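> Turn this into a structure:
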Amino acid sequence: MKYSIITVCYNSENTIKDTIESVKAQKDVNVEHIIVDGLSKDRTANLIKDMLTNKMIFLSEPDLGLYDAMNKGLRLATGDVIGILNSDDFFSTDDVLLEVNKNFKNDVDIVFGNVEFIENNSKQRVTRKIALRNFKPWFLKFGWMPPHTGTFLRRKIISAVGDYDISYETAADYEYFIRVFYKYKFSYKYINKTIVKMREGGLTTNGIQSYMRTGKEMVRAIRSNGYYSNAFMILCRLPIKLLNKKFFFSRL
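Numbers count the residues shown, from 1 in each chain. Below is the predicted model of the structure:
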């Protein structure tokens with residue numbers, strides 16, 4: 001199978017090389033890397049151009065935000081399986097896609113694994129971990145979902161579900177997964193492997209205000225798809241998230 005990895009970036013000169021190198025390092029798997037840049041004002045575009053290969057697609061133009069850029073990446077993708085790798089993130093090992101590939105059996109539409117958050121200035125210092133080994137679609141009512149950047153979808157899912165809804169500033173991935181897991185009920189498999197290392201401080205991980213804004217969007221997202229949740233149910237995950245970050249123990 002061919003894999004399409006989509007990376008969206010903007011002013012990512014300090015991290016984009018790690019992202020690209022981690023994709024290039026993947027062994028024994030056919031992979032294309034699609035990078036969509038929103039006309040960065042720093043050296044991001046030049047760094048990407050210096051690293052381009054015939055297995056990479058690079059698009060640099062204005063966009064309407066993160067999820068609009070992701071939609072552009074989806075339209076460029078030619079792989080059988082599609083994954084998202086943010087420009088602050090990188091694959092944890094060189095055999096991530098090989099391990100994912102082994103778990104894509106005929107009856108599996110989605111494979112997802114674990115994500116480790118790391119300190120911005122360290123690739124080794126883990127601050128917390130997402131490991132939804134017991135995930136069920138109803139978890140989405142409480143705001144829990146497989147990590148976006150550690151989840152891989154067959155192309156048929158993209159064809160059925162469509163684009164990310166760009167009316168959401170921070171929760172379009174959550175709304176997308178409501179459609180994927182809850183509405184369309186695609187089959188999935190969890191693997192107990194750290195797929196991605198993710199730097200703290202991204203758009204959806206940056207402080208209480210961001211968390212509250214995302215929580216409101218989540219309530220709108222699930223209700224707009226005909227399912228019930230409320231702010232209290234969504235916010236229930238905040239204490240677990242904070243304890244996970246403080247004591248690094250959470251495994252759902």
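
> wait, Ile5 sits on Ile35?
No: here Ile5 lies out of contact with Ile35, judged by C-beta atoms under 8 Å, at a distance of 9.2 Å. Glycine gets a C-beta too; all of them are placed from N, C-alpha and C.

> quick one, which of those two is more surrounded?
Ile35 (29 against 26; other C-beta atoms under 10 Å).

> Secondary structure element holding that one?
Per DSSP states H and E, Ile35 falls inside strand 30-37.

> Using PDB, write out every CA atom in that strand.
Extracted as PDB, the C-alpha positions of strand 30-37 are listed here (Å, rounded to 0.1, in the frame of the first residue of the first chain):
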ATOM      1  CA  ASN A  30       5.900   3.400  -0.200                       C
ATOM      2  CA  VAL A  31       5.200   6.900   1.100                       C
ATOM      3  CA  GLU A  32       4.700  10.300  -0.400                       C
ATOM      4  CA  HIS A  33       5.000  13.400   1.800                       C
ATOM      5  CA  ILE A  34       2.700  16.300   1.000                       C
ATOM      6  CA  ILE A  35       3.600  19.600   2.600                       C
ATOM      7  CA  VAL A  36       1.200  22.600   2.400                       C
ATOM      8  CA  ASP A  37       2.700  25.900   3.500                       C
END
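
> And the next helix or strand past that strand?
helix 44-51.

> Within the sheet, what are the partner strands of the very next helix or strand once past that next one, with directions?
Moving toward the C-terminus from helix 44-51, the next helix or strand (DSSP H and E) is strand 56-60. Paired strands of strand 56-60, with direction, are strand 30-37 (parallel) (DSSP bridges).

> what about this structure, any weak spots by pLDDT?
122, 201-208, 238-252 (pLDDT under 70).

> And the strands in it, which stretches?
Using DSSP state E, the strands of the chain run over residues 2-9, 30-37, 56-60, 81-84, 89-91, 110-118, 126-130, 151-154, 188-199.

> mind checking which of those strands is nearest Trp144?
strand 126-130 (9.1 Å; C-beta to C-beta).

> tell me the angle the closest one makes with strand 110-118.
160 degrees (axes from the mean of the first three to the mean of the last three C-alpha atoms, to 10 degrees).

> In strand 126-130, which residues are buried?
127-130 (16 or more other C-beta atoms under 10 Å).

> With stretch 177-196 instead?
177-182, 186, 188, 190-191, 193-196.

> Name the member of those with the shortest distance to Phe152.
Using C-beta to C-beta, the buried residues of stretch 177-196 come closest to Phe152 at Ile195, 8.6 Å.

> Contacts only, for that closest one.
91-92, 96, 100, 112-115, 147, 149-150 (C-beta atoms under 8 Å, 6 or more residues apart in numbering).
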